[in-house]
Each structure stands twice: as structure tokens, then as C-alpha cells.
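[1] Just a sequence and a predicted model for now, questions to come.
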Number of protein chains: 2
Amino acid sequence: MYKNLVNKKKYTIKDIADVLGITPSAVSKALNDHPRISKKTKGAVIEVAKSLNYQPNYLATALRKGKSNLVGVIIPRAKSNFFSSVVEKMEEVLNENGYNVIMTQSNESYEKECRNINALLFTQVDGIIASIANETTKLDAYHKIKSRGIPLILFDRGDNNLEVDYVGIDDYKSSQMVVEHLVDQGCKRIAHIAGFNQSPIYRNRILGYKDALVKYNLPVDDNLIIESNLRITDGQRIMKQLLNSPTRPDAVYAAGDLAALGALQVLKEENIKVPDEMALVGFSNEPFTSFVTPSISTVNQHNSEIGRIAAETFLKRMNHPLKEMTLNKIILEAELIVRDSSNRLT
Amino acid sequence: MYKNLVNKKKYTIKDIADVLGITPSAVSKALNDHPRISKKTKGAVIEVAKSLNYQPNYLATALRKGKSNLVGVIIPRAKSNFFSSVVEKMEEVLNENGYNVIMTQSNESYEKECRNINALLFTQVDGIIASIANETTKLDAYHKIKSRGIPLILFDRGDNNLEVDYVGIDDYKSSQMVVEHLVDQGCKRIAHIAGFNQSPIYRNRILGYKDALVKYNLPVDDNLIIESNLRITDGQRIMKQLLNSPTRPDAVYAAGDLAALGALQVLKEENIKVPDEMALVGFSNEPFTSFVTPSISTVNQHNSEIGRIAAETFLKRMNHPLKEMTLNKIILEAELIVRDSSNRLT
DNA sequence: TATTTATGTTCAATCGATTGAACAGTTCTT
DNA sequence: AAGAACTGTTCAATCGATTGAACATAAATA
């Protein structure tokens, strides 16, 4: 029984045509609901197609139509709740519109990112939605995408020189909100575990942080701004460094939740009271920020909203390929989530 | 300058042929290093291809060769560190062998899983590597894959009735190790927050747990075995239930780390000392298990190893499609990681 | 009845690359 | 110098589906 199924050949429109004694083109047109094909024929074709369990060969259609209905998505890490939530929503929206998603990870590596881009272009994707790896400084691979003439949409990690559509949050303003909150809590010396200044989002977070300090008449001390990859170990290392500095801060704002977690671990080891001796805020609202003790204050980036908008922007580009649409730069407001690690008032 | 690039049409082998005054077939053969093409021609073709920035049309090649070089991967959730690590390794191995990976998520939903399978089959993937959603009981979609005659490899979440290759860990033995460890710690009443018995891995964990209890002359109390989806909220709910039961346990073994986390949160709220009053062990070695306080003991499943073996199994199947290979059932030994939540000895 | 119009289907080319067979030209044998 | 043996390239069919033009038949109109 199964053996039979396994050995069953794949059926083509020609097989359907043979059964009915008509031509493949009639079958094709029937399946595509062409107006010049009679209802009777359409019905018969559909019936035979069903009974043979016919599945169109996507490759042939794609070749003929010059369209693969595949969208490539490149994210730095699937492990990150932020990125996987964004992609989840993208997938949903794109599937609804007849596209399938090929998702690849760069692992923050420039080299892997290039490989992924090449693989996606090779696969003839109709467009690419990406978030740039931290390591990346040369954008040649992204220029290659543009030169292919397919839509390229960036989210979260963008680049100003690359003239493409972008969706992200207002990092500058988010940083200001964080600092404002910490000032409200009575913090006077706020350190910033920053991402690398080369990346626009981290640059904006640094800028927002600095400008907010100025706004509240707090001194900007460059020793309190330390750039890193924002991994757990970076958070640990930098926290230790900050604790040993002659001008120990009373608050730490990390541009990423993992770094905040690392920092928290060190603070707990050193028995420093959080938030009273040291307030702590992270960024991204990774689930673990609410699990750990004390729970970590953080910034919520509206993950699915970003995914939805990025997908919709792609669809818009596909549907108006000729019209020289102006660039879409969509900046969402983020939301500060205050938790125990920075809440001195309760 | 860029405008020019953007409008540049995609070049085909015909364009290369025209430049050199030879035929497309000669170009194709030159690019594929056919022995009957002269070195001179090959060199010239490669040079022109480079200068035109020629990229072969994958769809055409795939159509002609009847092979897409795409592997579909279906995982329940990308957010899970276990699954994303597995896929990361798969991607690495498959990329090295000329395959690209299309990764999709089922979100544990039967319906989404079916949709994903259909999308992958439609995309003409050369094979599918999957881990079955918790919700799934009907395997018709998986039978459909088999009936297409392409390799299907399952990992972690498999099914015995589906006769396909499988890679996973020894869940039965892992459970025994956990119970053994808890017994060593002096626990007498060990509860099990279980996954649904319908899924082989959870069934095996339940069996291993029961058999180990018997082995150590501990009573098997069905009230202490509670099946669930193993989400955080499930862990919370079940822990509360266990605490209120007349026969409160002194240890909890959760078949998933999220459930263990939920349980831990309740224990902390109730000020129950972990591990002294209640020892706790989870499953999967999700990163957060080491972050939280106390850190949670858990079982490490050798994520990348599973990914590597699954990918290699797929490659084996592809390379020997005719030979009726016997089924590969690869069962790895898992490793118990003892952390604070169950370590009473320190 | 002749002629237009509508309807239903077939024909043939096409998307881009691949591949075995065929062909032409060169070199080597004897 | 005639045939064998290579070498390098072209020819033509193919993968499966699509699509505008062409054709044939039936129905409607004049």
C-alpha cells in the first residue's frame, strides 16, 4: 500500500491532459481559471488533478514567471527572542500573501552574512529582509542585493548609507526614556554598557544617553561609556571594571539584555544591592529579564509590529516595482518596562 | 553609477556565449568543467562570466536537474535554544555540502505544521528534517512527505509508527539519571511535571522516571505525575497544585526547563527552600537555567551533535537514494548537569 | 444564407541551463 | 595518403508550466 505511494511518480499537467485527452496548455489554463476555458473542462481538470494528487512544480512556474515567491530573511541570531518574534510575524504576513520564507542566521559574523546573502541570491529569492550583523562594516554584499534590483528591507540593525527601506524603533528616544527613569529614581552617576558605535542603533542609544544626561545636568563621563558585543561575558567584565573604577556609578544602563544579565550576576556575586546601590536597565525585553531575581527593567521593541511592517513594506515594493517609491523609514516608539532592578520606590 | 548597476539586466549563459561567439551549450559545459571543452575556452568563459558578474539561474538548473538543493527544516519554536542550536549546526553541515536550508516554525501547532509542510513540498525541497509539534497526533502530512519519495529525517520529537530516520537522545535513560540523582540527594517523594504521553519522548521520560522509582523502591504515585504543555504557566500551575496536595513531594522533575522555571518561581514566592525543602530538575539545558537563582539542574541534549547527525543522515539518504538503506535510529546519551536547584551536598 | 461574434482549445515559443549525440577539424598511425 | 583516434564545438531535446496567437466550431446577427 505505502510502497505504492512511495514509488508513485510525480504527476505533471501532461498527465492530467492525457487522462482527459486535451493538451497541457488547456490544463494549465483550467487550473489558472482562464476565462476562455469552459466550466466543464475546468471541473474535469480539477477533479483529475485531485485524484492524482497533483502538485504543481514550483520550479517550473518560478522559472517561467521569473518569480520564486521566496523571501530571504537574515537575522543575527535565532536564539534571540527579539529576532525570532520578528521573524515569526514576518512569516505569518508573507505566508498569507503567497510567499515562503527562507530564514538564515549570520551569528553576528560578517563572513557568514555574506555567505547567506550569496545563498539567498542564488536561490533567486524575490527579496531580502535583513538585520545587519554586529561585526559587519563593509556593506558590499548588501550593495550586491541592491544591484540585483530586488527589494531589500532592513530592520533594527540598519545603515544610513545604504539607501533602503528600514523599520526600527527610536533608539535615541528610548535611551532618553531610560536615563530619565533612572534620574527619577535618584541616580546620579549612570554608566552605559554600550554596543559598538559603528552600528547606528547603538550609536543612537549612546547619543540619546549622553543628551539625556546633559538635559538633567549630569556630567558625561567617557569612562562610564564602554562599548562591547553585549554578550553575557561582556556585561560581567564591564560591570567588574565599573565596580573597580574610582568613580563607581550608581546605575548601569546596558544596551542589551544579555549584557545586563551579566552585569546583574556580578552585582549579586559582590552582594551589591540592586536597585538600591546600583540600578540596572537592559534593552530588548528578552523573556529571561522577567525570570531572574531581581527582574530586569528593559525596553520593549514591539517585536511583532516590526516584523509585520517589514513584511508589508516588502509586499508594497513587490507590488509597485516600477514606481520609484520614496524610501520608507519607519520608526516606532519603544516602551520602557520598569521592573525590580531599577525600581527603588516600592 | 549605481543607477547603472540597478538597471543592469540579469545575464544568462546566452549573453556570455554571444560575447565570445560560441553557443550557450559550450558555455554551460565550460562552466561545468566538461572534459571536452578546451582550456582556452574555459578560461575565456570564466573571464567573461566574472566581468559580467554572471550568476547562474538556480531555478533553471534545479528544474533541469530535478533537484532544488533546498532542505526544509521544521522546528516547533526558534526561540528555544535547543532547536535553534540544532538548526545552526544543520545549516553549517548542509551549507558545506551545497544545500541551503529553509527553516520554518510550527509554534507547536498542528495546523501550522501542515501549512509548513505543504509550503516546503511546494518549494520542491530535496528533503525535510523535522521535529514534530506537541499538538500533532495525526501524521497525515508526514505521510505525504514520505509519499513524495524525498528523505524525511526526524529529530528529538519523533514517532514510532512513521518509519523514518531519527536522531535523538535516550529519554528513558536520561529520566533514570535524573531520578537516580534525586535519590542520591535523599529525596523520597519525587513528582514529575511531564509532557504529554502521546509524544514518544515524553512517554519515555515518564517510563524512565517510573522504572527508576521502582528500582529504588520508591512508590509510584500517579498523583505526582502531571502532564502538560510544559510552558512556564504550566509549571506554575502544577507546582501550586503539588504544594497543596496532601502528599507534598520533596522533589520535582520537570520534563522541560520552562516548566521547571515556572515551578521555581512559585517555590520562591512561597519561600520554600530549594533544594533543601524541594529539589528541582529541568530538561534541555536552556541558557536561562544557569542564570536564575538558584540555578536549575537540567539535562544537556548535545544540541549541535543532534543537528550534525540529522544533516549527515539526510546527506546519506540523498547520496544513496536507490539502495534501500535500513532505517537509522540514532540515540545519543544525554548528560545530567547538576546545579544549585538539586544539589544539597554543598 | 452569409457573416460576425463568442467560445473553447491547440500550437508553438519561452523561461535558463543541461546533456547525449552528431559533426567538423586536427593529429596520429601505419 | 587513407583511416583511426582525438578534440572541441554545435545541435536539438528536455525539465514543467505559461501565454499570446491561431484555429476551429458553435451561436448569434444581419
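    Sure thing, it's come through.

[2] Mark out where each domain of chain A begins and ends.
    Domain ranges of chain A: A:2-56, A:67-168+A:303-333, A:171-301+A:336-342, per automatic domain parsing.

[3] among the ones you listed, which is nearest B:Y202?
    Distance to B:Y202, taken as C-beta to C-beta, is lowest for domain A:171-301+A:336-342 among the domains of chain A, at 22.6 Å. The way it works is simple: take the backbone N, C-alpha and C, and place the C-beta from them, glycine included.

[4] Out of the domains of chain A, the one nearest B:Q198 is which?
    Each of those was scored for nearness to B:Q198 using C-beta to C-beta, and the closest is domain A:2-56 (22.4 Å).

[5] and that closest one, how far out from the chain's middle?
    Going by C-alpha atoms, centre = their mean, to the nearest Å, the spacing between the C-alpha centre of domain A:2-56 and its chain's C-alpha centre is 40 Å.

[6] Just give the number of residues close to A:T247.
    By the criterion of other C-beta atoms under 10 Å in any protein chain shown, A:T247 has 11 neighbours.

[7] who's in contact with it?
    Going by C-beta atoms under 8 Å, 6 or more residues apart in numbering or on different chains, A:T247 touches A:189, A:221, A:223-224.

[8] sorry, back to before: please produce JSON lines containing the domains of chain A, extended by mean pLDDT and distance to DNA strand D.
    Shown next, in JSON lines, are the domains of chain A (pLDDT from 0 to 100; distance: least, C-beta to the nearest atom of the strand, whole Å):
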{"stretch": "domain A:2-56", "mean pLDDT": "86", "distance to DNA strand D": "3"}
{"stretch": "domain A:67-168+A:303-333", "mean pLDDT": "91", "distance to DNA strand D": "10"}
{"stretch": "domain A:171-301+A:336-342", "mean pLDDT": "96", "distance to DNA strand D": "40"}
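
[9] Export those as JSON lines, with columns for distance to B:V125.
    As requested, the domains of chain A are arranged in JSON lines below (distance: least, C-beta to C-beta, whole Å):
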{"stretch": "domain A:2-56", "distance to B:V125": "12"}
{"stretch": "domain A:67-168+A:303-333", "distance to B:V125": "10"}
{"stretch": "domain A:171-301+A:336-342", "distance to B:V125": "31"}
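
[10] Which of these sits closest to B:Y54?
    Among these, domain A:67-168+A:303-333 comes nearest to B:Y54, with 12.0 Å by C-beta to C-beta.

[11] now the end-to-end length of the closest one.
    Taking C-alpha to C-alpha, to the nearest Å, the first and last residues of domain A:67-168+A:303-333 lie 35 Å apart.

[12] Near DNA strand C, which residues of chain A? Just list them.
    By the rule C-beta under 7 Å from any atom of the strand, the part of chain A lying against DNA strand C is A:21-26, A:29, A:34, A:36-41, A:60, A:63-64, A:66.

[13] Can you tell me which of those are buried?
    Taking 16 or more other C-beta atoms under 10 Å in any protein chain shown as the criterion, what is buried in these is A:22, A:26, A:29, A:37, A:41, A:60, A:63.

[14] List, out of those residues, those positioned next to chain B.
    With the criterion set as C-beta under 8 Å from any C-beta of the partner chain, the members of those near chain B are A:60, A:63.

[15] Show only the entries of the buried ones among the residues of chain A next to DNA strand C found in helices.
    A:26, A:29, A:41, A:60, A:63 (DSSP state H).

[16] Does the second one touch A:R36 like I think?
    If I follow you right, that is A:K29. Yes. With contact defined as C-beta atoms under 8 Å, A:K29 reaches A:R36; the gap is 7.0 Å.

[17] Would you map the strands across the stretch 151-300 of chain A?
    Under the criterion DSSP state E, counting those that start in this stretch, the stretch 151-300 of chain A carries strands at the ranges A:152-155, A:165-169, A:190-194, A:225-227, A:251-254, A:279-281, A:298-300.

[18] So what are the sheet partners of the first one and their directions?
    Strand A:152-155 has the following sheet partners, assigned by DSSP bridges: strand A:127-130 (parallel), strand A:165-169 (parallel).

[19] Repeat that for the fifth one.
    Strands that pair with strand A:251-254, judged by DSSP bridges, come out as strand A:190-194 (parallel), strand A:279-281 (parallel).

[20] Same list, the ones you listed, but as TSV with mean neighbour count please.
    As requested, those are exported to TSV (neighbours: other C-beta atoms under 10 Å in any protein chain shown):
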stretch	mean neighbour count
strand A:190-194	27
strand A:279-281	28
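
[21] tell me the contacts of the residue in the stretch 151-300 of chain A that DNA strand C sits nearest to?
    Residue nearest to DNA strand C within the stretch 151-300 of chain A: A:P151 (18.7 Å; C-beta to the nearest atom of the strand). With contact set as C-beta under 8 Å, 6+ apart, A:P151 has these partners: A:126-128, A:165, A:314, A:317-318.

[22] what does A:S245 give?
    A:N223.

[23] Phi and psi next, for it.
    When read as degrees, to the nearest 10, the backbone of A:S245 gives phi -70, psi 150.

[24] With A:L327 instead?
    According to degrees, to the nearest 10, A:L327 has phi -60, psi 140.

[25] Give me the distance between it and A:I306.
    17 Å (C-beta to C-beta, to the nearest Å).

[26] The two: who's more crowded?
    The neighbour comparison of A:L327 against A:I306 (other C-beta under 10 Å) goes to A:I306, with 24 against 8.

[27] Now do the contacts for the more buried one.
    For A:I306, the contacting residues are A:86, A:89, A:155-156, A:167-169, A:332, by C-beta under 8 Å, 6+ apart.

[28] Pull out the buried residues from these.
    A:86, A:89, A:155-156, A:167-169.

[29] measure A:R237 to A:A263 for me?
    From A:R237 across to A:A263, the span is 10 Å (C-beta to C-beta).

[30] Closest residue of the stretch 51-200 of chain A to DNA strand C?
    Nearest residue of the stretch 51-200 of chain A to DNA strand C, counting by C-beta to the nearest atom of the strand: A:R64, 3.5 Å away.

[31] all helices for the stretch 1-150 of chain A, in order.
    A:2-7, A:13-20, A:24-31, A:39-52, A:58-65, A:81-96, A:110-122, A:140-147 (DSSP state H, counting those that start in this stretch).

[32] Check whether A:G262 really touches A:Q241, as I assumed.
    No. With contacts counted by C-beta under 8 Å, A:G262 stays clear of A:Q241, the gap being 11.8 Å.

[33] what about those two, which has more around it?
    Set A:G262 next to A:Q241 and count neighbours by other C-beta under 10 Å: A:G262 wins out with 26 against 14.

[34] Who are the contact partners of that one?
    By C-beta under 8 Å, 6+ apart, A:G262 lies in contact with A:231-239.

[35] Apart from its chain neighbours, what residue comes closest to the residue nearest the centre of chain A?
    Centroid-nearest residue in chain A: A:F83, 4.4 Å away (criterion: C-alpha atoms, centre = their mean). Nearest non-adjacent residue to A:F83, counting by C-beta to C-beta, 6 or more residues apart in numbering or on different chains: A:I75, 4.2 Å away.

[36] So A:Y58 is in contact with B:Q124, correct?
    Yes. Contact criterion C-beta under 8 Å: A:Y58 and B:Q124 qualify, at 5.2 Å.

[37] So for the two, which sits in the more crowded spot?
    Per other C-beta under 10 Å, whichever of A:Y58 and B:Q124 has more neighbours is B:Q124, with 25 against 22.

[38] okay, now the nearest residue to the more buried one once chain neighbours are set aside: neighbour count?
    Leaving aside its sequence neighbours, B:Q124 sits nearest to B:S68 (C-beta to C-beta, 6+ apart; 4.5 Å). Counted with other C-beta under 10 Å, residues neighbouring B:S68 total 24.
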